[in-house]
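A.B. asks: take this sequence and fold it.
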Amino acid sequence: MRASAKMTSLGLGVIAMLTAGCAAAEGGSLDWNSFGTLAATNARLDWGDYTQNNLQPHGTGRSQTVSIDTDSRLGGQLSWHGGDFGAQVQIVSEYRPDGSFDPYLSWANLTYAVNSQWKLRIGRIGLDSFLFSDSRLIGLTYHTVRLPVEVYRLLPLYDSDGVDSNVRWQWGDWRQTTEVVAGHKTVVNVQRSHVHSTDVYGIFHTAEQGPWTLHMAYQQRRVDNQSPPLGHFYSMGLRYDDSNWIAYGEAVRTTSFTALGRPLIREGAYATVGYRWGVLTPFALISGLQQRSNSGQLPVAQQSQAIGLRWDWARHADLKIQWDHVQPSAGSYGTEQNVLPGTPKGQAFQVFTLTTDFAY
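C.D. replies: Model (predicted):
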């Protein structure tokens with residue numbers, strides 16, 4: 001194990017122990033929250049696997065007709081607040097690159113409130129790169145069965161080990177939150193390779209007013225499996241949620257390089273609209289992913305459309321059903337994994353998913 005990895009493990013262990021110590025101390029408040037999704041996903045294709053991201057080794061399709069692994073997860077979060085200090089640990093079990101559901105620490109950090117508007121954190125911190133970054137693992141917080149793979153797979157770096165600064169401020173009627181982060185992270189991919197990201201820097205901004213939420217993000221990092229190593233990430237998202245109508249969407253652009261130095265530029269976007277009708281919310285989604293450069297590799301590009309229904313059958317639980325039509329672009333297998341050699345490119349297929357989410 002590299003020295004930096006050992007130090008990271010040691011640091012996270014210290015933070016976890018400090019959190020437990022804070023929880024045992026007198027005073028302050030201790031909160032426990034749990035969340036999860038149980039899903040059954042069926043992709044009608046026999047030439048590859050439909051997966052939620054490129055860190056899942058198998059999915060539904062060629063490997064198995066119905067997959068419970070693809071969209072299911074279980075998580076818990078322990079938070080302590082006492083005066084100007086706080087601590088937070090989040091543990092998640094979901095389908096991992098090694099094919100297991102071994103739990104891992106997605107968050108483990110300590111917080112210090114400089115004042116009522118300014119907070120500092122140290123430890124493992126979630127990166128606010130997307131509109132739903134903070135809640136992407138909690139299916140109850142959005143209406144589709146999963147966040148669009150054409151967008152959310154573009155940045156598999158969802159957290160980093162480091163520090164951040166979070167400032168809340170007001171501009172007219174708009175509530176503003178600006179966050180700056182610095183850190184590093186190692187990700188293990190499905191080939192069991194350790195991909196090291198260093199010099200991870202980001203600035204994330206959210207503006208809220210009434211039913212509107214605007215989110216913007218920029219992130220850069222140096223990755224040891226590309227040359228030159230520097231990559232960039234840009235995103236913008238907008239959400240409207242008022243009474244019956246819900247609408248949200250995001251646009252993302254990533255720039256990086258292959259191991260051979262060829263530019264790799266990708267753009268993804270989606271739009272979702274839904275209408276609340278009592279405890280039922282029918283919804284529709286359109287999304288797409290395009291490659292804007294000639295990287296010398298097979299392009300990853302596809303479009304999809306989906307319709308579905310969410311039923312809030314309990315205060316803290318829902319049931320969702322969704323049908324997707326996925327169309328890989330000409331000359332591409334889309335985002336699918338484990339493609340059978342010799343398969344013609346650009347073949348469309350359907351995905352059917354049934355999920356139930358809970359959060360307490």
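
A.B. asks: so where's the stretch 1-150 of the chain uncertain?
C.D. replies: 1-27 (pLDDT under 70).

A.B. asks: that one: strands as residue ranges?
C.D. replies: Along the stretch 1-150 of the chain, counting by DSSP state E, counting those that start in this stretch, strands occupy 29-43, 49-50, 60-61, 66-67, 73-82, 85-94, 104-113, 118-126.

A.B. asks: what do you get for the stretch 201-350 of the chain?
C.D. replies: Counting by DSSP E, counting those that start in this stretch, the strands of the stretch 201-350 of the chain are 212-223, 230-242, 245-257, 263-275, 280-291, 302-314, 317-328, 349-359.

A.B. asks: I'd like those strands as CSV, with mean pLDDT and distance to Leu105 appended.
C.D. replies: C-beta: built from backbone N, CA, C; applies to glycine. Listed next are those as CSV, based on pLDDT from 0 to 100; distance: least, CB to CB, whole Å:
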stretch, mean pLDDT, distance to Leu105
strand 212-223, 96, 20
strand 230-242, 96, 23
strand 245-257, 97, 26
strand 263-275, 97, 28
strand 280-291, 98, 30
strand 302-314, 98, 29
strand 317-328, 98, 26
strand 349-359, 98, 19
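
A.B. asks: now Ala217: how far from Pro156?
C.D. replies: Between Ala217 and Pro156 the computed distance is 15 Å (CB to CB, to the nearest Å).

A.B. asks: quick one, which of these two is more surrounded?
C.D. replies: Ranked by neighbour count (other CB atoms under 10 Å), Ala217 and Pro156 place Ala217 first, with 24 against 15.

A.B. asks: which strand residues bridge the more buried one?
C.D. replies: Bridge pairing for Ala217 (DSSP bridges) gives the partners Phe204, Ser235.

A.B. asks: ok, it to Arg146 distance?
C.D. replies: 20 Å.

A.B. asks: same thing with Gly172?
C.D. replies: Separation of Gly172 from Arg146 (CB to CB) stands at 36 Å.

A.B. asks: kindly report the same for Leu154.
C.D. replies: In this view, Leu154 and Arg146 are 15 Å apart by CB to CB.

A.B. asks: same thing with His184?
C.D. replies: Distance, His184 to Arg146, by CB to CB: 28 Å.

A.B. asks: who's more crowded, those two?
C.D. replies: For His184 and Arg146, the more surrounded residue by other CB under 10 Å is Arg146, and the numbers stand at 24 against 17.

A.B. asks: so that one sits against Gln52, correct?
C.D. replies: Yes. Counting by CB atoms under 8 Å, Gln52 is a contact partner of Arg146 at 5.8 Å.

A.B. asks: identify the contacts common to those two.
C.D. replies: Common neighbours of Arg146 and Gln52 (criterion: CB atoms under 8 Å, 6 or more residues apart in numbering): Asp71.
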